[in-house]
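Visitor: predicted coordinates and the sequence they were generated for:
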Amino acid sequence: MKNKTKKKSAKSPKRKSGFAHGINSVLNGSFLVREYVITNLSFVFYLVAFMVAYIAFGYYSESNTKELVKTESELREIKAANLEMRSRLQQLKQRSRVAESIRELGLVESAGPPKVIHVSSNPKPTEQ
């Protein structure tokens, strides 16, 4: 039994597993000089360009989303101001308010209905 444990401890250190070896080759850049990477270099450049375009599109869409949210909030503020102005205009157009404002100018609201003045289409010439 002692011999078995000694044999295990006397073994050389383990090689890295497939995952650890792959990570190591990516980090130190040794995978870039392999034959299959060099033969497919144009495809690698295509993938890199595609990834850069994808990232740029992400930033572009994020900035558009932020601008859309900002514009929507501005629109809500403008709608609220419009509603407030409509309300003020409606109050100013009330008959009692108009009567008060014309009293300050020295005018008086008429008590009777307005009179219609008819003008004939063919005026008679005046003789002198």
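Guide: The structure has been received and is ready for your questions.
Visitor: low-confidence regions, the protein specifically.
Guide: 1-16, 123, 125-128 (pLDDT under 70).
Visitor: give the contact list for the residue nearest the centre of it.
Guide: Nearest residue to the geometric centre of the chain (CA atoms, centre = their mean): Leu68, 1.9 Å. Leu68 sits next to no residue when contact means CB atoms under 8 Å, 6 or more residues apart in numbering. Every C-beta, even on glycine, is put in place using the N, C-alpha and C of the backbone.
Visitor: what's the answer for Ser25, then?
Guide: Ser25 touches Phe31, counting by CB under 8 Å, 6+ apart.
Visitor: tell me the phi and psi of it?
Guide: Backbone torsions of Ser25, given as degrees, to the nearest 10, read phi -70, psi -30.
Visitor: what strand or helix carries the residue nearest to the centre of the chain?
Guide: helix 41-92 (DSSP states H and E).
Visitor: now that helix, how far from the centre of its chain.
Guide: 1 Å (CA atoms, centre = their mean, to the nearest Å).
Visitor: next, the angle helix 41-92 makes with the next helix or strand after that helix.
Guide: Sequence order places helix 95-104 as the next helix or strand after helix 41-92, per DSSP H and E. Between the axes of helix 95-104 and helix 41-92, defined by axes from the mean of the first three to the mean of the last three CA atoms, to 10 degrees, the angle is 70 degrees.
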